[in-house]
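> My questions concern the predicted model and sequence given below.
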Amino acid sequence: MENDYLQSVRKQFEYYKMLGDKTIAQVTDEQLFWKYNEESNSIATIVKHLWGNMLSRWTDFLTTDGEKEWRDREGEFDNDISGRAELLAKWNEGWNCLFSALGTINESNFNQLVYIRNQGHTITEAINRQLAHYPYHIGQIVFIGKMVLNEQWNSLSIPRGDSGKYNAEKFAKPKTRTHFTDEYISDNERKE
């Protein structure tokens with residue numbers, strides 16, 4: 001069961017990373033820093049927050065508290081990334097940290113507790129906490145991308161008006177056992 005769970009969450013994280021990757025690729029450098037108002041976050045700020053959270057939570061995941069002393073959470077919300085290159089470096093560093101940490105979880109340590117702000121979590125609870133947190137912010141990134149691109153937005157899922165066609169194609173095939181992200185990512189990549 002642990003192995004199935006870990007494979008499933010890895011695919012979920014990969015799927016949400018892909019949504020962020022494809023949104024970031026569509027927007028201009030200037031649009032990465034666009035904010036609806038002063039209380040809003042830009043795509044760059046959200047990426048910076050995700051990066052800080054990921055490094056804090058997943059560095060030495062099994063042995064140290066997930067809220068590291070060196071984390072500057074308040075600073076994560078400053079809109080001060082220098083450009084696309086820095087944004088992508090932080091984005092990828094955070095995700096690489098997460099995926100590396102997932103690779104350290106195995107049958108021998110799956111039942112140990114990990115701590116976030118001194119509160120004990122099972123491995124499953126700690127992963128699920130982040131699996132709820134990151135898609136929340138990636139949804140914000142996608143929404144900002146859709147707002148700034150308007151009619152130039154390239155859909156990341158089934159485009160408007162294509163639901164019937166998409167479902168007809170799926171139901172025309174035999175039933176299979178697959179994780180939805182496998183099929184979705186495969187379908188999405190074929191569109192490119």
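Done, it's in.
> Only C-alpha atoms from now on, for both contacts and neighbour counts.
Will do.
> quick check: domain ranges of the protein?
By the record's domain assignment, the chain is partitioned as 2-154, 157-192 (automatic domain parsing).
> quick one: which of those has the weakest pLDDT on average?
Between the domains of the chain, the lowest average pLDDT goes to domain 157-192, which shows a mean of 76.
> Give me whichever of the domains of the chain is most buried.
With neighbours taken as mean count of other CA atoms under 10 Å, these reach their highest mean count in domain 2-154, at a mean of 17.
> what's the single longest helix in the chain?
Of all the segments assigned as helix in the chain under DSSP state H, the longest by residue count is helix 123-149.
> Residues contacting whichever helix or strand comes after it from elsewhere in the structure, which ones?
Tracing the chain past helix 123-149, the next element assigned as helix or strand by DSSP states H and E is helix 163-171. Applying CA atoms under 8 Å, 6 or more residues apart in numbering, the external contacts of helix 163-171 come out as I158.
> Also stretch 147-161?
19, 22, 26-27, 31, 145-146, 166, 188.
> from the residues you listed, which is closest to D60?
Taking CA to CA as the measure, D60 lies nearest L19 of these, at 26.6 Å.
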